[in-house]
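K.L.:
Build the 3D model from these lines:
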Amino acid sequence: MSAHSYKDLDAHVRHHLECVRYGDGENVAVECTDCCEVLLDFDHPPEPVAADLSAYRGVFADGYTPEEIADVLDAISEKLGVSLHCLWEYVGEYGPAGDSDLLAVIDGEAREIPPGLHELLVEGTDDGVVDPATITDGPREEWAQGVTHSYESESTRNWAIEDRRTTRI
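P.N.:
Predicted coordinates for the structure are as follows:
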């Protein structure tokens with residue numbers, strides 16, 4: 001990929017550009033056919049796959065900390081190929097607090113987590129096989145109405161609806 005700045009792209013003004021798919025659609029690129037250069041390219045993200053998560057059965061049965069959320073949701077997100085987060089009621093001086101809910105983020109929208117995942121993590125029930133293809137089609141209404149944001153933390157898995165800190169990191 002050769003275009004990383006305004007100057008890089010400006011060099012191709014009035015050139016012939018083409019959008020090309022490579023392989024079986026695993027990569028798409030914008031090419032300058034005058035210069036035979038790939039200006040931008042992106043790999044197709046992997047398709048989510050069903051995963052055996054039985055090792056996480058009941059991991060949140062006694063509650064959870066932001067650190068535990070980060071560790072567990074990082075691992076599960078990688079296995080499922082879906083971005084999972086915990087939405088807390090607020091973040092205070094000592095971190096996130098209040099009521100919380102687990103959510104999946106797809107195309108920038110908060111959605112229900114895959115069926116059975118909450119039961120697996122919190123209640124220790126379910127067979128442990130979670131299929132991300134079962135994630136609901138639309139965003140959850142209560143999340144869509146609130147402004148959710150990631151607050152300054154080491155983990156991007158913990159989000160809060162409200163920031164109640166008096167000092168900012």
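K.L.:
drop to CA atoms for contacts and neighbour counts, all remaining ones
P.N.:
Noted.
K.L.:
Stretch 81-92 - what's its average pLDDT?
P.N.:
Stretch 81-92 comes out with an average pLDDT of 86.
K.L.:
Buried residues of that stretch, list them for me.
P.N.:
For stretch 81-92, the buried set under the neighbour-count rule, 16 or more other CA atoms under 10 Å, comprises 81, 82, 83, 84, 85, 86, 87, 88, 89, 90, 91, 92.
K.L.:
next one: the helix or strand harbouring the fifth one to chain centre, how far?
P.N.:
Pointing back at residue 85 there. Here residue 85, judged by DSSP states H and E, is contained in strand 83-92. Chain-centre distance of strand 83-92: 13 Å, with CA atoms, centre = their mean, to the nearest Å.
K.L.:
Then stretch 39-56?
P.N.:
11 Å.
K.L.:
Can you get me the start-to-end distance on that stretch?
P.N.:
43 Å (CA to CA, to the nearest Å).
K.L.:
okay, the longest strand seen in the chain in CSV with CA atoms only?
P.N.:
Using DSSP state E, we find that the single longest strand of the chain is strand 95-106. Extracted in CSV, the C-alpha atoms of strand 95-106 (Å, rounded to 0.1, in the frame of the first residue of the first chain):
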residue,chain,number,x,y,z
GLY,A,95,-13.4,2.8,37.4
PRO,A,96,-16.7,1.5,36.0
ALA,A,97,-19.6,0.8,38.3
GLY,A,98,-23.3,0.4,38.6
ASP,A,99,-25.4,-1.9,36.5
SER,A,100,-23.8,-3.5,33.5
ASP,A,101,-24.7,-5.5,30.5
LEU,A,102,-22.7,-7.5,27.9
LEU,A,103,-23.1,-6.5,24.3
ALA,A,104,-21.7,-7.3,20.8
VAL,A,105,-20.7,-4.5,18.5
ILE,A,106,-21.2,-5.1,14.8
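K.L.:
List the buried residues in stretch 157-169.
P.N.:
Those buried within stretch 157-169 under the rule 16+ other CA under 10 Å are 157, 158, 159, 160, 161, 162, 163.
K.L.:
The next helix or strand after the longest strand of the chain pairs with which strands?
P.N.:
Of the helices and strands lying after strand 95-106 in sequence (DSSP H and E), the nearest is strand 109-111. Strand 109-111 sits in its sheet next to strand 95-106 (antiparallel), going by DSSP bridges.
K.L.:
List the contacts of the partner strand.
P.N.:
Here strand 95-106 makes contact (CA atoms under 8 Å, 6 or more residues apart in numbering) with 66, 82-91, 110-114, 118, 158-160.
K.L.:
ok, so what distance separates the closest residue to residue 26 other than its chain neighbours from residue 119?
P.N.:
Leaving aside its sequence neighbours, residue 26 sits nearest to residue 44 (CA to CA, 6 or more residues apart in numbering; 4.9 Å). Residue 44 is 31 Å from residue 119, where distance means CA to CA.
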